[in-house]
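**Student:** coords please:
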Amino acid sequence: MGKIIKDTIHANGIDIGIYTQDFENEFISLTDIARYKSDDPTAVVQNWMRNRDVIEFLGLWERLHNPNFNPLEFEGFRKQAGANAFTMSPRKWIEATGAIGIVSKAGRYGGTYAHSDIAMSFATWISPEFQLYIMKDYRRLKTDENSRLSLNWNLNREISKLNYRIHTDAIKGNLIPPELTPSQVAYTYANESDMLNVVLFGKTAKQWKDENPAVKGNMRDAATLNQLLVLANLESYNAVLINQGKDQKERMELLRQLTVQQLQTLESVSLNNLSGLESEINN
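**Tutor:** Sure thing, here's the model as predicted:
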């Protein structure tokens with residue numbers, strides 16, 4: 001997995017750590033939030049987790065996001081929650097149920113972190129007013145991240161357009177004989193472009209448009225950052241293969257291999273598996 005991005009939320013004089021890897025799944029420090037209420041944040045988090053409604057909320061979140069969640073252990077906790085003798089800690093919850101919404105890190109610089117959905121619920125329990133301060137700076141953080149993502153998307157889109165020129169020059173120099181009519185020339189360009197669409201997106205431009213009639217632009221305008229980056233590489237690689245004289249069938253096979261390899265590599269550095277977060281934070 002890729003490097004975790006660390007940042008800080010500043011809420012009413014309290015610094016709250018936040019970790020993310022894909023700008024979609026943020027894990028916020030419950031330990032830092034709890035310091036707003038007490039100098040013993042561990043006890044605050046454990047007291048919060050003793051409540052029946054909290055256990056039910058955590059269980060529902062896991063059911064929605066975690067296919068490996070242990071419902072039998074959860075039911076046992078749910079029945080006991082709220083009783084005077086009931087105790088709960090983040091580590092006990094994680095180890096018994098296989099939970100991924102909360103991660104617990106031991107050591108001097110450790111603490112408890114939770115997915116933003118859960119962290120905001122905890123902050124509301126601590127203080128509705130404090131939760132508003134957290135949300136205010138959290139929105140500021142998300143706005144900044146979205147701006148960076150937008151810049152990255154636009155950059156990759158421009159790179160893709162530049163590589164498209166390399167691609168079309170290779171087509172013009174190798175696949176378009178002088179005797180072709182203008183319509184045949186246009187078809188050749190479109191055919192090569194759609195070959196890349198099929199390799200990367202699994203469908204032609206027309207098929208995508210038929211499926212998305214209300215969406216402005218084309219399928220490449222709706223592509224993800226990873227797809228745009230791979231598309232730029234495909235255009236360059238296809239130009240090389242065309243110059244080498246390889247036919248379209250062979251080129252499609254080679255391009256598909258490159259697509260699978262590069263998408264897997266790019267996806268491996270994204271935080272799509274929440275359960276891997278704990279080991280990354282501990283490193």
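
**Student:** going forward, measure contacts between C-alpha atoms and count neighbours the same way
**Tutor:** Noted.

**Student:** Look up how far E62 lies from S183.
**Tutor:** Note on S183: its distance to E62, by Cα to Cα, to the nearest Å, is 56 Å.

**Student:** More neighbours: which of these two?
**Tutor:** Counting neighbours by other Cα atoms under 10 Å for S183 and for E62 shows that E62 has the greater number, 22 against 8.

**Student:** Just to be sure, that one is in a helix?
**Tutor:** Yes. Per DSSP: H, G, I helix; E, B strand; the rest coil, E62 lies within a helix segment.

**Student:** what's the distance between it and H115?
**Tutor:** Distance from E62 to H115, by Cα to Cα: 11 Å.

**Student:** Now the common contact residues for those two.
**Tutor:** G101 (Cα atoms under 8 Å, 6 or more residues apart in numbering).

**Student:** surely L255 meets N233?
**Tutor:** No. Counting by Cα atoms under 8 Å, L255 stays clear of N233, with 9.5 Å between them.

**Student:** Can you report how many residues lie near the closest residue to S104 other than its chain neighbours?
**Tutor:** The shortest distance from S104 to any non-neighbouring residue, by Cα to Cα, 6 or more residues apart in numbering, is to T112 (4.5 Å). Residues lying near T112 (other Cα under 10 Å) number 23.

**Student:** mind checking how far T112 is from A96?
**Tutor:** Distance from T112 to A96, by Cα to Cα: 16 Å.

**Student:** same thing with D247?
**Tutor:** Distance from D247 to A96, by Cα to Cα: 57 Å.

**Student:** Looking at these two, which one has more neighbours?
**Tutor:** Neighbour comparison, D247 and A96: the larger count goes to A96, with 15 against 11 (by other Cα under 10 Å).

**Student:** I'd say the more buried one and L72 touch.
**Tutor:** No. With contact defined as Cα under 8 Å, A96 does not count as touching L72 (9.6 Å).

**Student:** got the buried residues for stretch 194-205?
**Tutor:** 194-201, 203-205 (16 or more other Cα atoms under 10 Å).

**Student:** next one: stretch 67-85
**Tutor:** Neighbour-count burial for stretch 67-85 [16+ other Cα under 10 Å]: 69-70, 74, 77-78, 80-82.

**Student:** Could you measure from G101 over to K92?
**Tutor:** Distance of G101 to K92, computed by Cα to Cα: 13 Å.

**Student:** Those two: who's more crowded?
**Tutor:** Taking other Cα under 10 Å, G101 and K92 do not tie; G101 has more neighbours (24 against 13).

**Student:** quick one: contacts for that one?
**Tutor:** G101 neighbours (Cα under 8 Å, 6+ apart): 58, 61-62, 114-115, 118, 274.

**Student:** Same check on H115?
**Tutor:** Per Cα under 8 Å, 6+ apart, neighbours of H115: 25-28, 101-102.

**Student:** Next, it: phi, psi?
**Tutor:** When read as degrees, to the nearest 10, the backbone of H115 gives phi -50, psi 150.

**Student:** excluding its backbone neighbours, what's nearest it?
**Tutor:** For H115, the spatially nearest residue (Cα to Cα, 6+ apart) is F27, at 4.3 Å.

**Student:** how deep is that neighbour tucked in, by neighbour count?
**Tutor:** 25.

**Student:** Name the SS class of the residue located most distally from the centre of the chain, please.
**Tutor:** No residue in the chain sits farther from the centre than E179, which is 49.2 Å out by Cα atoms, centre = their mean. Following three-state DSSP, we place E179 in the coil state.
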